[in-house]
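Asker: using only what follows, build the 3D model:
(chains A and B)
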There are 2 protein chains.
Amino acid sequence: MSDPNVNRQWLLANRPPGWPSESDFELVETPVPEPAEGQFLVRNLWVSVDPYMRGRMRDVKSYVPPTALGAVMGGESVARVTASRHPDYAEGEIVVGPFAWQDYALSDGQGARKVDPKLAPISTAVGALGMPGMTAYFGLLDVCGPKEGETVLVSGAAGAVGSLVGQIAKIKGCRAVGIAGSQQKVDWITGELGFDAAFNYKTVAAEDYSDAIGELCPDGVDCYFDNVGGPISDAVFPRYNVHGRMAICGQISLYNDEDQQPAPRPYWFILRQQLTVRGFLVFQFLKRYPEGLREMAQWIGEGSIKFRETVAEGLENTPAAFIGMMRGENIGKQLVRVAPQ
Amino acid sequence: MSDPNVNRQWLLANRPPGWPSESDFELVETPVPEPAEGQFLVRNLWVSVDPYMRGRMRDVKSYVPPTALGAVMGGESVARVTASRHPDYAEGEIVVGPFAWQDYALSDGQGARKVDPKLAPISTAVGALGMPGMTAYFGLLDVCGPKEGETVLVSGAAGAVGSLVGQIAKIKGCRAVGIAGSQQKVDWITGELGFDAAFNYKTVAAEDYSDAIGELCPDGVDCYFDNVGGPISDAVFPRYNVHGRMAICGQISLYNDEDQQPAPRPYWFILRQQLTVRGFLVFQFLKRYPEGLREMAQWIGEGSIKFRETVAEGLENTPAAFIGMMRGENIGKQLVRVAPQ
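Answerer: Coordinates of the predicted model:
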């Protein structure tokens, strides 16, 4: 176990142009801080690593502010309050918030919320009952707006978001089809999660993606929930039905690619099929989180939504878990267990 | 003048892969038909040539059915009823409908509507008060949804649709910026139509389009109404404001291009700026045409919408007018005057 008087922190050391490596982060030890009036101190329990964090490593315009070089890598964690001078948070409470890649964090409550440990395992506060869950819920239901009987295709289908998207689609009476990166993932989403069909894109040549999609979506694609971008998304365009909808949630296939390859333009398909293509960030639905959390919690309680976690042990393994997640080594939500609950 | 007993017809003779030429059409003379019970005969007065007709020449899946080889080229015309055995249409009435590239047409009323000659010049029934007008009206107001004070960018800005889009944007209190293909067009839309700014893309290198757009849209682009596609549309992506909207109406720059060039993928911009990209066909608004026609007619009557026509004389010049329109030789609406009103 770590020294209770030491706060280990992962700092951003470099802004790598392509794939990051562990040496782009630096582990330092600092004293555990003490909360001032209006603050509380948390002990991180579960640190989340998410695709969007790749954006924090760049100093370019994006929807997340970059992490400064030499600063602690930003991110969300589930944590326990260990000391509090804040009226709304008491020692021992479980909270989720922007507590970053470190053992301990100070907070004034900004961006934090309490977690009810009776509702579901607390780690879901950065998973199915957190940002990824809300992304799947609002991205599918609001941005795509699937109707009963329609076909919903999702890429990154065994990831934290994609695995939920397909299950919500099933709850809404749709055909759910997944694209994932291993046979194990395909087996999990079709066998355990109830997807109607899926394929492992790594066993298919890029020029055959469109045929593979056509085979699994014999009635065409009504909604495509895109987590990956690149050639997979290109291949969906010929498969859309009239008035099809594409929700762009992530582009993980491109986040580490400095030389973006050109691709066929999609606009003729968008025009001919009268498609709607929308990019969205889950933050735009922030005010409606209570609605999304309530419904997701109910579905989890009923067993109609299942989730899975891939757990790395120890804060020291956070960069490795982050890089592995971008390589698709996780199934479901990738977490780092920083301290025992 | 043409022989009143002869119906000259332009047949589709070839399906050219790239740019069509006049030899892809064949002019034949047939007897003028006689209406059966429930039909009426029209004399075409104004034949419309429109970009979408390029699609009729191809035997591929599209939103318009292809014209069969050897059949009369389909299209809309303004015409006078010269004989009628239809209860709703009387000799002498002016009608607009799918009367094709010919002197005379039989109709059972399908797709036809009467034109009120007191409202505006009857040629507007295939222009500002016809399909192009409805395309501009619903495409801008419904698909883009511009708000007062926003910037509306339109390509093909001196064409039948684009020239109306900018003027409607002005009526709604927006900044209207146009992209057009000659200095004369730029002068017309900024000088006479009230666009706030415009540039001639033919005087700008493709890699500088984005800078040119940025200069004329200093507050960014909120709505982009796309008539042309290709490198111009690519160049707009870095200029969108958050929650920007792109309405894809046409892709004329690509209609004669067999080897579609690859281009940078737009999805990262769509995600980062939370854009909505929608393709639309005006037919989806068919039930709301009366509303659009009423408001457009009012604006024309008030002088807040101006229009211009480029007129080719004689049915024999229809293919040349069609090809010239695709080359951008027209300003405003391209028409063929087939017979005197």
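Asker: residues of the stretch 151-300 of chain A that sit close to chain B?
Answerer: The stretch 151-300 of chain A comes close to chain B at residues A:226, A:229-230, A:233-234, A:248-251, A:254, A:260, A:262-281, A:284, as judged by CB under 8 Å from any CB of the partner chain. Where C-beta positions appear, they are placed from N, C-alpha and C, glycine not excepted.
Asker: which SS state does the residue located most distally from the centre of chain A fall under?
Answerer: The C-alpha centroid of chain A is most remote from residue A:37, which lies 33.8 Å away (CA atoms, centre = their mean). Assigned by DSSP: H, G, I helix; E, B strand; the rest coil, the conformation of residue A:37 is coil.
Asker: nearest residue to it other than its sequence neighbours?
Answerer: When the adjacent residues along the chain are set aside, residue A:37 lies closest to residue A:85, with 5.1 Å between them (CB to CB, 6 or more residues apart in numbering or on different chains).
Asker: and the residue farthest from the centre of chain A, how far from residue A:108?
Answerer: To residue A:108, residue A:37 is 10 Å away according to CB to CB, to the nearest Å.
Asker: any residues in contact with both of the two?
Answerer: The overlap between the contact sets of residue A:37 and residue A:108 (CB atoms under 8 Å, 6 or more residues apart in numbering or on different chains) is empty.
Asker: what about the strands in the stretch 51-200 of chain A?
Answerer: Secondary structure of the stretch 51-200 of chain A (DSSP state E, counting those that start in this stretch): strands at A:77-84, A:94-97, A:104-107, A:113-114, A:151-155, A:175-180, A:197-200.
Asker: chain center to the fifth one: distance?
Answerer: Here strand A:151-155 shows a centroid-to-chain-centroid distance of 17 Å under the convention CA atoms, centre = their mean, to the nearest Å.
Asker: same question for the shortest one.
Answerer: The gap between the average C-alpha position of strand A:113-114 and the chain average comes to 19 Å, counting by CA atoms, centre = their mean.
Asker: can you get me a residue count around the closest residue to chain B within the stretch 101-250 of chain A?
Answerer: Distances between the stretch 101-250 of chain A and chain B by CB to the nearest CB are smallest at residue A:248, namely 4.7 Å. A count of nearby residues for residue A:248, using other CB atoms under 10 Å in any protein chain shown, gives 27.
Asker: then residue A:207?
Answerer: For residue A:207, using other CB under 10 Å, the count is 9.
Asker: may I have the predicted confidence score for the residue nearest to residue A:97 when sequence neighbours are not counted?
Answerer: The shortest distance from residue A:97 to any non-neighbouring residue, by CB to CB, 6+ apart, is to residue A:112 (3.2 Å). Looking at residue A:112, its pLDDT stands at 96.
Asker: go on, residue A:105?
Answerer: As predicted, residue A:105 sits at a pLDDT of 98.
Asker: likewise the one 10 residues further on?
Answerer: Looking at residue A:115, its pLDDT is 96.
Asker: that one: what's it in contact with?
Answerer: Here residue A:115 is in contact with A:78, A:94, A:95, A:96, A:122, A:125 (CB under 8 Å, 6+ apart).
Asker: would you turn these into a markdown table with pLDDT and distance to chain B?
Answerer: Formatted as a markdown table, those follow (pLDDT from 0 to 100; distance: CB to the nearest CB, whole Å):
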| residue | pLDDT | distance to chain B |
| --- | --- | --- |
| A:78 | 98 | 26 |
| A:94 | 98 | 32 |
| A:95 | 98 | 28 |
| A:96 | 98 | 24 |
| A:122 | 97 | 30 |
| A:125 | 98 | 25 |
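Asker: pretty sure residue A:112 sits against residue A:94.
Answerer: No - contact between residue A:112 and residue A:94 fails when scored by CB atoms under 8 Å: they sit 10.8 Å apart.
Asker: where does the prediction get shaky in the stretch 101-250 of chain A?
Answerer: Within the stretch 101-250 of chain A, no stretch falls below the threshold (pLDDT under 70).
Asker: which parts of stretch A:196-215 are buried?
Answerer: Using 16 or more other CB atoms under 10 Å in any protein chain shown as the test for burial, stretch A:196-215 gives A:196, A:197, A:198, A:199, A:200, A:201, A:204, A:209, A:210, A:212, A:213.
Asker: got the contact list for stretch A:279-299?
Answerer: A:63, A:119-120, A:128-129, A:131, A:133-135, A:137-139, A:142-143, A:164, A:167-168, A:171, A:247-249, A:305, B:267, B:269-275.
Asker: what's the mean pLDDT across it?
Answerer: For stretch A:279-299, mean pLDDT rounds to 96.
Asker: off-centre distance for that stretch?
Answerer: Chain-centre distance of stretch A:279-299: 14 Å, with CA atoms, centre = their mean.
Asker: kindly report the same for stretch A:234-242.
Answerer: Using CA atoms, centre = their mean, the offset of stretch A:234-242 from its chain centre is 25 Å.
Asker: span of stretch A:20-27 from start to end?
Answerer: This stretch, stretch A:20-27, spans 15 Å end to end (CA to CA, to the nearest Å).
Asker: and if you look at stretch A:73-90?
Answerer: 26 Å.
Asker: chain center to it, what's the gap?
Answerer: 22 Å.
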